[in-house]
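Visitor: sequence and predicted model, in that order:
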There are 4 protein chains.
Amino acid sequence: MIVVMSTTRTPEQQAAVITRIQDLGLRAQEISGVERSVIAVLGQVYPELKDELSTLDGVEEVLRVSKPYKLSSREVRPNDTVVELSHGVRIGGGRPVVMAGPCSIETEEQLWAAARGVKEAGAHILRGGAFKPRSSPYAFQGLGVPGLKLLRQCGDEFGMPVITELLSVRDVAAVAEYSDILQIGARNMQNFVLLEEAGKTGKPVLLKRALSGTIEEWLLASEYILNQGNPNVILCERGIRTFETATRNTLDLNAIALVKRLSHLPVISDPSHGTGKWYLVRPMAMASIAVGADGLIIEVHPNPDQALSDGAQSLTPANFAELMREGSALAASIGRPFADVPVAVA
Amino acid sequence: MIVVMSTTRTPEQQAAVITRIQDLGLRAQEISGVERSVIAVLGQVYPELKDELSTLDGVEEVLRVSKPYKLSSREVRPNDTVVELSHGVRIGGGRPVVMAGPCSIETEEQLWAAARGVKEAGAHILRGGAFKPRSSPYAFQGLGVPGLKLLRQCGDEFGMPVITELLSVRDVAAVAEYSDILQIGARNMQNFVLLEEAGKTGKPVLLKRALSGTIEEWLLASEYILNQGNPNVILCERGIRTFETATRNTLDLNAIALVKRLSHLPVISDPSHGTGKWYLVRPMAMASIAVGADGLIIEVHPNPDQALSDGAQSLTPANFAELMREGSALAASIGRPFADVPVAVA
Amino acid sequence: MIVVMSTTRTPEQQAAVITRIQDLGLRAQEISGVERSVIAVLGQVYPELKDELSTLDGVEEVLRVSKPYKLSSREVRPNDTVVELSHGVRIGGGRPVVMAGPCSIETEEQLWAAARGVKEAGAHILRGGAFKPRSSPYAFQGLGVPGLKLLRQCGDEFGMPVITELLSVRDVAAVAEYSDILQIGARNMQNFVLLEEAGKTGKPVLLKRALSGTIEEWLLASEYILNQGNPNVILCERGIRTFETATRNTLDLNAIALVKRLSHLPVISDPSHGTGKWYLVRPMAMASIAVGADGLIIEVHPNPDQALSDGAQSLTPANFAELMREGSALAASIGRPFADVPVAVA
Amino acid sequence: MIVVMSTTRTPEQQAAVITRIQDLGLRAQEISGVERSVIAVLGQVYPELKDELSTLDGVEEVLRVSKPYKLSSREVRPNDTVVELSHGVRIGGGRPVVMAGPCSIETEEQLWAAARGVKEAGAHILRGGAFKPRSSPYAFQGLGVPGLKLLRQCGDEFGMPVITELLSVRDVAAVAEYSDILQIGARNMQNFVLLEEAGKTGKPVLLKRALSGTIEEWLLASEYILNQGNPNVILCERGIRTFETATRNTLDLNAIALVKRLSHLPVISDPSHGTGKWYLVRPMAMASIAVGADGLIIEVHPNPDQALSDGAQSLTPANFAELMREGSALAASIGRPFADVPVAVA
């Protein structure tokens, strides 16, 4: 940690800062520049120290030198994490996977139609929401546990691992019972109690980036899960909130490229939420593969114009099939072919 | 709802949109402009309809005309909501109140020292965190239930209602037992399960705006509480996330002025989190009063440079007393004097 | 245009709005919904009308139905614009081009070394800055006209059209004399006088999106050029400003995908400024091609660690050559191969 | 400057960084922490050095310790700058001034009506736009030089200094001839050539913050003017662009409080553009005074519903008079009464 002193600081203030550092059992090293003098703090510093030192008289600013995240860092673990699922599906390590299915599970017919479409097109994992976070309390909130059961049954029938969103600590057991992957949505990225409880299940957790989550906060949030001894974390970029309103969100592919460098965790891309418009899903999915994402998660609905949620960003099975054809060709051309498709048991 | 048709739409597409609207039991009214034709949808529309219609062929865009929030709207209830607390403290209706105390409850000594300082300076309500949401799992996480008990005891001793943050549905009963107001933090503004559970307690709920929460989303979030039959919602602006990094957040006073117009709910301002720098707290507190806020919430610590959280934005009791002197003079001068201070029972 | 009336509006207020619309020679059509009544304005509306009507008593909001941009819209001109340059280079229409070279022209040696590198790697157009916009007045400001002459000479020698930034109306003649394309930087996207003067030269103009420019504002800015009778406009996405600081900017590929749909103008991508980090340039260049960009503009410096500007985001010639190998393979695999490389005359 | 080395750097890389620093005539001081080693760079560093060093092998990050702005800094000049105008009006130093008038000068009648209203209400300076920057080329662009002449005449008649916007270097002489203050709009904050030319006139320059301008960039932009030997710079906060669309912009009062601390330059507030809604202008004006602004700039139009620009955010003379009554009472109550009003000569 580097303490930058004000140009108007007195020798007494400088001495007091040094004393404070030493009282904490740390070492202080003074460095006098042309314009400013700074004090380097050496030893086992802790995050709160930044705030503590910045309030002392004569201090201009305190700069952090170490990264605050540890377990998710590639400096700590250089090799890619690979998350193993049923049916031989693996996430991370070079070959992208595709998760697809409806935003909300609405009926058995709807779910089966979507599953059949995505399975035939080559998707690896079936997605579907049973607990839906909705901005408005007056909107469709999902089928709940009956939806979970449908999803499990459908995944088994089509031979696909399944993923669904976990909204609350009170549903951890139910979601962990029925789903192969627990999805933490963007609104809950910093719902730390939920992260810990999800981590404790030992099940793979897909952690979406918050609408206003910095990359650093996102990696720190992943540590709440990793810290429970659960290494199976998958990150998911799903668009950030910016000033631009022509797209629902701004899918941030820069973040995917950077996180692949900073962290060993797999990172997948969600162009459906990232753009909010079905006609932008295919081009942004292609770009996601090209930038190095470990997979995609795509909303597919047999009848988007009748969807109970997110219809505007859902693909028809036919459009999804086209995305898969183009996407797998692109993936192969850059030496990162799509992962093998699990063979259906049914 | 207004459906804007593409300039390249065909008559068949236009007819199909109208049929769809009518099939839903709604009326469609065609309006042909110079450049575009639009279709007004009349009847009891629902939020999902926007997405549904926007995916139909030939549709350019769907515009909402009604506001999605209802119970929180001043159109529905023109008069200010006033939240009544113990010790005769009331929030809303014209006279600002001040909530103050430490970010985290650390020790009995620390809490009592802070409480004594803020009470003497004229604060109305005692704040203090027992469950702390921290970006890093390696930071101080709060004392938990023992902290709640200390807070209750301290509030009773100094004759002040107390407020503390509720982080998880599993702590609802405990927090509701010990605290007069349940605070929902910015990271949980869209933790809808938590909002509903907090609402069910019937206790006053202070709902902070999310870092990237729009005003519309904030009011919709309040409806998750109001919808439980709990009218005692207090809104709190605490700074939004923007590109500017010279301040920790950007306290958005525009939002306070606008929400006072759109909604009947009281709105208070949190200049401590809003700016992140103790020396900006006083000027932004003054501005908050001038803009029409119904109160302030301020972090005060007997020794900010030793605080376990948020030291950089905490005031000393002396600085807080100065803020109260200047703030109450300002409030009086604009005809909105601070609320009367409850008389301590001890 | 749609005028949304307040739920508390009086019949007199409604009548006054209608009278006002009719007084302007427009038609007003009333539509009464369940919650609100709206008034459609029919006829040749103008942009200012929105502001005018929104101040009338009883008006809640005024919604625009038509798009404010015209000449740049694909609705007006469905086919892709193709900009023709010397040496047979064409921008737009399907085959991506690559512009590359140093951020600033520093010396003859530096420029020739960069040009040789990018030419050998297959770049189509040579870039280099002579007038540099710098946040600080104390930073290197470019060589000015002598830099322009070097660029012209170098482009001629290596058989490449050249592009350079135009900073001020006073330099229009000089830049138009020496450069094949006039680049308008992000900071000048809404320097409307500069746009008009650049447009009048009839030369191709590359218009970068502002750091906080919406897609709509960007297209409107292009109309200041197009409106001078100059159809040769190339759009360039170069990263927007968001809350994320781990990358210098957030390169917004969503915008490229959307603008390709909204407009017939070619759109290229600038991953160098878009990310600010040389090691993110290659992945984001790949993603840009995959998303459908009409080209790339890349900073290449023979010695990035000695560059007088933007060294951190500049590629070495070796790294650029790798980008070109991978990029052209990707472009070919998606059926949009890089444009043919002009044969050097020297 | 502090060079943070990667945890994976080799001793050779560390040595190479030190050699590079020494080759530049600077001193390097190594500091070895528990997790990382850093190198402090001592001597007369320059801005480009950050980029140069950050590209060297083994370097993780380079942190700046000094502030990049100099002439505008309070560290360099502790006392408030006071800008002296005709009619004894002074900006800065404690007593707020109010600039008011129409967004655009439309006709003699309109300007005189506005001027009469704002003069009677106690405004100090008359504002009015003759050159208008408009997002759309199809919107009203201002009267140009005839507008400047009207403004001068009107200011003289009512005994008020005048301010108007300068859009282009080609209009510097004309604007400087007729106006007391040259206004640089938000879109031109980083039009560096314009800043320099405005600076050279020696006339007071009001510099608005860009929609996405950081506080640091804003102060650096002011240095382009100050650096011409012109000390008469007035800063103006006019709202930044954020994700929130319920207000046109987000007026950032935090920035005013912070800039008053960082810089000696006067800072005024523009709640008209800052909010975009006339009914938010008064509360945000009040808050601006309370936060410590050196003045206000307010749009006033005799008939806002017929304004050729910005009608939605313009006050009527009656509303402005109310703002002045409340604002001057507030200013007086906090010990910073409005500046004395110049006595009209006519």
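Guide: All right, it came through fine.
Visitor: where does the stretch 201-346 of chain A have low pLDDT?
Guide: A:343-346 (pLDDT under 70).
Visitor: if we go to 50?
Guide: Across the stretch 201-346 of chain A, the ranges flagged by pLDDT under 50 are A:345-346.
Visitor: tell me how many other residues crowd the one residue in it that gets nearest to chain B.
Guide: Per C-beta to the nearest C-beta, A:Ser212 is where the stretch 201-346 of chain A lies closest to chain B, at 3.4 Å. All C-beta spots, glycine's among them, are computed from the backbone N, C-alpha and C. A:Ser212 has 24 neighbours, counted by other C-beta atoms under 10 Å in any protein chain shown.
Visitor: what does A:Pro146 give?
Guide: Using other C-beta under 10 Å, A:Pro146 has 12 neighbouring residues.
Visitor: would you map out the domains in chain A?
Guide: Per automatic domain parsing, the structural domains of chain A span A:2-63, A:83-333.
Visitor: make TSV from these and add distance to chain D to it.
Guide: Shown next, in TSV, are the domains of chain A (distance: least, C-beta to the nearest C-beta, whole Å):
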stretch	distance to chain D
domain A:2-63	5
domain A:83-333	5
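Visitor: for the ones you listed, which one ends up most surrounded?
Guide: Highest mean neighbour count of these: domain A:83-333, a mean of 23 (counted as mean count of other C-beta atoms under 10 Å in any protein chain shown).
Visitor: from the chain's centroid, how far away is that domain?
Guide: 9 Å (C-alpha atoms, centre = their mean, to the nearest Å).
Visitor: start to end distance for it?
Guide: Chord length of domain A:83-333, first to last residue, is 24 Å (C-alpha to C-alpha, to the nearest Å).
Visitor: can you check stretch A:232-242 too?
Guide: Its start and end residues considered, stretch A:232-242 measures 30 Å (C-alpha to C-alpha).
Visitor: one more: stretch A:183-199?
Guide: Across stretch A:183-199, first to last residue, C-alpha to C-alpha, it's 11 Å.
Visitor: check whether that stretch contacts chain C.
Guide: No - figure legend: stretch A:183-199 not in contact with chain C (C-beta under 8 Å from any C-beta of the partner chain); closest approach 14.0 Å.
Visitor: same question for stretch A:261-272.
Guide: Yes - counting by C-beta under 8 Å from any C-beta, chain C has neighbours in stretch A:261-272: A:Arg261.
Visitor: export only the CA atoms of that stretch, formatted as CSV.
Guide: Taking Å, rounded to 0.1, in the frame of the first residue of the first chain, the C-alpha atoms of stretch A:261-272 are listed here in CSV:
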residue,chain,number,x,y,z
ARG,A,261,-6.2,-13.2,-18.3
LEU,A,262,-6.8,-12.3,-14.7
SER,A,263,-8.6,-15.5,-13.6
HIS,A,264,-8.5,-19.2,-14.2
LEU,A,265,-12.3,-19.5,-13.9
PRO,A,266,-14.3,-20.3,-17.1
VAL,A,267,-16.3,-17.3,-18.4
ILE,A,268,-19.4,-17.6,-20.6
SER,A,269,-21.4,-15.0,-22.4
ASP,A,270,-25.1,-14.2,-22.4
PRO,A,271,-25.9,-12.2,-25.5
SER,A,272,-29.7,-12.6,-24.9
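Visitor: got the contact list for the residue of the stretch 201-346 of chain A closest to chain B?
Guide: A:Ser212 is in contact with A:Ile240, A:Arg241, B:Ala210, B:Leu211, B:Ser212, B:Arg241, C:Phe243, D:Phe243, counting by C-beta atoms under 8 Å, 6 or more residues apart in numbering or on different chains.
Visitor: look up how far A:Cys154 lies from it.
Guide: Relative to A:Cys154, A:Ser212 is positioned 34 Å away (C-beta to C-beta, to the nearest Å).
Visitor: leaving out sequence neighbours, find the closest residue to the residue of the stretch 201-346 of chain A closest to chain B.
Guide: Closest residue to A:Ser212 apart from its sequence neighbours, by C-beta to C-beta, 6 or more residues apart in numbering or on different chains: B:Ser212 at 3.4 Å.
Visitor: re the thing from before, out of the domains of chain A, which is closest to D:Ser72?
Guide: Closest to D:Ser72 of the domains of chain A, according to C-beta to C-beta: domain A:2-63, at 14.7 Å.
Visitor: and A:Leu182, its phi and psi?
Guide: The phi and psi values for A:Leu182, taken as degrees, to the nearest 10, are phi -90, psi 120.
Visitor: for A:Ile163, see how far away it is.
Guide: Noted for A:Leu182: a distance of 8 Å to A:Ile163, by C-beta to C-beta.
Visitor: joint contacts of these two?
Guide: Taking C-beta under 8 Å, 6+ apart as the criterion, A:Leu182 and A:Ile163 both touch A:Leu206.
Visitor: pretty sure A:Glu216 contacts A:Pro68?
Guide: Yes - assessed by C-beta atoms under 8 Å, A:Glu216 is found in contact with A:Pro68 at 6.7 Å.
Visitor: just to check, A:Val169 is in contact with B:Val172?
Guide: No - counting by C-beta under 8 Å, A:Val169 stays clear of B:Val172, with 11.1 Å between them.
Visitor: what segments of chain A are helices?
Guide: Assigned by DSSP state H, chain A shows helices spanning A:11-23, A:48-54, A:108-121, A:145-158, A:172-178, A:192-200, A:215-226, A:253-262, A:271-275, A:278-291, A:317-333.
Visitor: what packs against the fourth one?
Guide: Applying 3 or more C-beta pairs under 8 Å, 6 or more residues apart in numbering or on different chains; DSSP states H and E, we find helix A:145-158 packed against helix A:108-121, strand A:125-127, strand A:162-165, helix A:172-178.
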